[in-house]
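In: Okay, sequence plus prediction incoming.
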2 protein chains.
Amino acid sequence: MALIAMKFGGTSVGSVEKIRNVARIVADVKNQGNDVVVAVSAMSGETDRLVGLVNEVSPHANPREYDQVVSTGEQVTIGLLSLALQEMGHDAVSFTGWQMGMITDSAHTKARIEEIRADRIKKAISEGKAVIVAGFQGITQDTHDVATLGRGGSDTTAVAVAVGLNADRCDIYTDVDGVYTTDPRIVSEARRLKIISYDEMLEMASLGAKVLQTRSVEFAKKYNMPVRVRSTFKPEDDGTLVTTEEDPNMEQVMISGIAFNKNEAKITLTRVKDQPGLASTIFSAIAEKNVNVDVIIQNISPRGDGETDLSFTVPKNEAHNAVAAVQGLKDSHQIGDILLDEKVSKVSIVGAGMHSHAGVAAKMFTALADEGINIMMISTSEIKVSCVIAEKYTELAVRALHEAFELDKDGN
Amino acid sequence: MALIAMKFGGTSVGSVEKIRNVARIVADVKNQGNDVVVAVSAMSGETDRLVGLVNEVSPHANPREYDQVVSTGEQVTIGLLSLALQEMGHDAVSFTGWQMGMITDSAHTKARIEEIRADRIKKAISEGKAVIVAGFQGITQDTHDVATLGRGGSDTTAVAVAVGLNADRCDIYTDVDGVYTTDPRIVSEARRLKIISYDEMLEMASLGAKVLQTRSVEFAKKYNMPVRVRSTFKPEDDGTLVTTEEDPNMEQVMISGIAFNKNEAKITLTRVKDQPGLASTIFSAIAEKNVNVDVIIQNISPRGDGETDLSFTVPKNEAHNAVAAVQGLKDSHQIGDILLDEKVSKVSIVGAGMHSHAGVAAKMFTALADEGINIMMISTSEIKVSCVIAEKYTELAVRALHEAFELDKDGN
């Protein structure tokens, strides 16, 4: 007998009929002799409706009151799912964030989990109950206010509860049936992975593959909790297991997937003085505007005149903020031109095995060159290589890389 | 400087625009130098929507889970009203049932308030904040479950909070502007009362005048909390004060109002043995079906044959349950016929002053007789006389009594 944490997102519980479907999946798992704790999101559209009400009343709403309102969506779903299970003859009970002991910091609208005081969940499980908990929400340690974890936070709730209860695994049910080598809408030969490491999943997620919330994967990695991504509409299917590289089932493949992100803009500062501290000044000014900088490249005085060009990428919707921040330094720090290119994207190969294989990056550059795609910027880590290219070549690049690394062939 | 508890019902907070209107009323009271604590209902239609979802999933829903779902409506409103006040530059904070320390028993869907642990409200008030609390909900003492107080429970929340905080008064804002001598839709000369006693208000409420929830008036009476019924849409108007008979402003008028209730059915049992214990057997059987019996009359052997007729009234929608209960006793207890008349209504005169005036009942009977209205049953208390009559005469009777007791003339 295992203890299994499960999570169902807004699309999976979007109507009473769908909630009944979820109840059947939970009941099946329970009938197989398992204990279950189930985290759910608000019914699809409900959080948007609540956020809409808040914005209508107060465009820059106090975050505590925002959370008070927006957290109600999940409270409705947990009650309904619990009732649906009871209708099927199963004993079930629902807990809100405060009832389940989900303690967070006080960073309203993007709170971080500090602790789970899971006594109440444990007691209910020991009584044979299916426990249904509200995703996305907790209670602040000192002030006992309702705090939400930010969009997609229910994934994190599920993993945190799994960790807090020492569950055997955490199953995340979504409207896709697993993690693919790349977006199947772009590459029809994209193949579903049986297994992927936390680090690869993190890179895939941060690069735009929106299957799991990044924070939930970090949490799972930290506590070594196996996570399975599977389909609400094909629950019999095993989906993709996200696990540690040390997992014996994990065959070391060189490249697991191709990720891409079209939400990038490139900013170039020309004729920047090549002097210590200037980069720090520039990126501090940008950070003060809460803009996240991604790839950065700086040549060392290419013209040998003590001046250099500095390029970096930021999210498209934050590009003008970043430009404004640098504009304020233009005169005082003798920056030449500030060039903004919003038509770029980032294409990445991700694979935990690449660090033990030479020539991976070269193979990527060749594949792109063969298609006549110019590489503007390059960034690498232990398990990924990213290239910034012109946005219009995104799909071409993804297809070329998928073929070059033979990802359509059965790897894992 | 006073501490004023306020309450706004679902119609008063039915849209973002209406919530802003409520915020203006609260702000005005606060700007006059008062501390305020405000109880609000769910936006109109929202509780029905949530109950609809629950019923769709589970027609006979587990009451704990029912409460978990249905209580979210008020949580949305408190956040929105708090934000609306903040937008106007006022410091405000919202509290759910558990945050405000509203402790109830565990009778889910109709819980009773046991205690208010108001430390958190008091602290917020001492910090100069307008405190917005969720009506209709509390938290169970032992199990820390969400419990609702039943429909209309927000009135009770407001009065209970007023009592718990030792407020100077409790203002209930509704979509009517006070308590009238009778329903103005029936008697155009109906006059708004400046003042009415708790007992009179209780009789009016229990007799069908739906301005305040009965339980809230009982609560106010028990703790001697002055309650003012006033209009959300004419907040400058004083409305009607509900207070103790000992209030120096309370002029002793003979009759304060005429109430009526069309939701009555009359059941008559003929040829019942006139023997000790039989009434007890009959009404115990009815009580077991959870039917509330209202007026009861029994003649003592009118035919001198040791048999009597027994009549009583019950709510129309419970009449068939009551008949079924009595049917079960028909043979074993030698009851003659069981007659059901669903076309009756009850008309009542209510007045705290009537006990010091002789002839009040006689005046009522005469007024009805003058209109040719037959009185089927009579029931009296210290402050009311009720007559059961044929339903079709209801409006005629109300108008005749309103005129006979000159309620259109300025009394208080």
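Out: Perfect, I can see it now.

In: strand partners of the helix-or-strand element of chain A with minimal mean pLDDT, parallel vs antiparallel please.
Out: Least confident element among the helices and strands of chain A, by mean pLDDT, DSSP states H and E: strand A:296-298 (a mean of 83). Sheet partners assigned to strand A:296-298 using DSSP bridges are listed as strand A:307-315 (antiparallel).

In: and the angle for the longest strand anywhere in chain A with strand A:307-315?
Out: Across chain A, the longest stretch assigned as strand under DSSP state E is strand A:257-273. For strand A:257-273 against strand A:307-315, the angle by axes from the mean of the first three to the mean of the last three C-alpha atoms, to 10 degrees is 140 degrees.

In: What pLDDT does the model give the spatially closest residue to A:Y393 that is not a sequence neighbour?
Out: Counting by C-beta to C-beta, 6 or more residues apart in numbering or on different chains, A:Y393 lies nearest to A:I373, which is 4.7 Å off, once chain neighbours are set aside. Glycine gets a C-beta too; all of them are placed from N, C-alpha and C. Note for A:I373: predicted pLDDT of 95.

In: Could you give the average pLDDT over stretch A:349-358?
Out: Throughout stretch A:349-358, pLDDT has a mean value of 83.

In: about what we covered before: show me what contacts the residue nearest to A:Y393?
Out: A:I373 is in contact with A:389-390, A:393, A:396-397, A:400, counting by C-beta atoms under 8 Å, 6 or more residues apart in numbering or on different chains.

In: and if we set it to 10 Å?
Out: With contacts defined as C-beta atoms under 10 Å, 6 or more residues apart in numbering or on different chains, A:I373 is in contact with A:347, A:365, A:367, A:387, A:389-390, A:392-394, A:396-397, A:400.

In: Tell me the one among those residues nearest to chain B.
Out: The closest of these to chain B turns out to be A:T394 (C-beta to the nearest C-beta; 40.9 Å).

In: Can you get me a residue count around A:K129?
Out: A count of nearby residues for A:K129, using other C-beta atoms under 10 Å in any protein chain shown, gives 20.

In: My guess is it contacts A:K123. True?
Out: Yes: A:K129 lies in contact with A:K123 (C-beta atoms under 10 Å); the separation is 9.0 Å.

In: Could you name every residue contacting both of those two?
Out: Residues touching both A:K129 and A:K123 (C-beta under 10 Å, 6+ apart) are A:V93.

In: so which two of the contacts of A:I373 are the farthest from each other?
Out: Taking C-beta to C-beta as the measure, the contacts of A:I373 span a maximum distance of 18.9 Å, between A:F365 and A:K392.

In: Which residue of these two possesses the greater neighbour count?
Out: Higher neighbour count among A:F365 and A:K392: A:F365, with 14 against 11, using other C-beta under 10 Å.

In: Does the more buried one belong to a helix, a strand or coil?
Out: Using DSSP: H, G, I helix; E, B strand; the rest coil, the secondary structure recorded for A:F365 is helix.

In: Could I get the contacting residues of it?
Out: Neighbours of A:F365 in contact, by C-beta under 10 Å, 6+ apart: A:373, A:375, A:378, A:385, A:387.

In: From those, list just the buried residues.
Out: Neighbour-count burial (16 or more other C-beta atoms under 10 Å in any protein chain shown) applied to these gives A:373, A:385, A:387.

In: Okay, and the beta partners of the last one?
Out: A:C387 has these beta-bridge partners by DSSP bridges: A:V347, A:I378.

In: How about A:L339: what's its closest non-neighbour residue?
Out: A:L339 sits nearest to A:T268 (C-beta to C-beta, 6+ apart), 4.3 Å away.

In: so that neighbour sits right up against A:A322, yeah?
Out: No: counting by C-beta under 10 Å, A:T268 stays clear of A:A322, with 11.7 Å between them.
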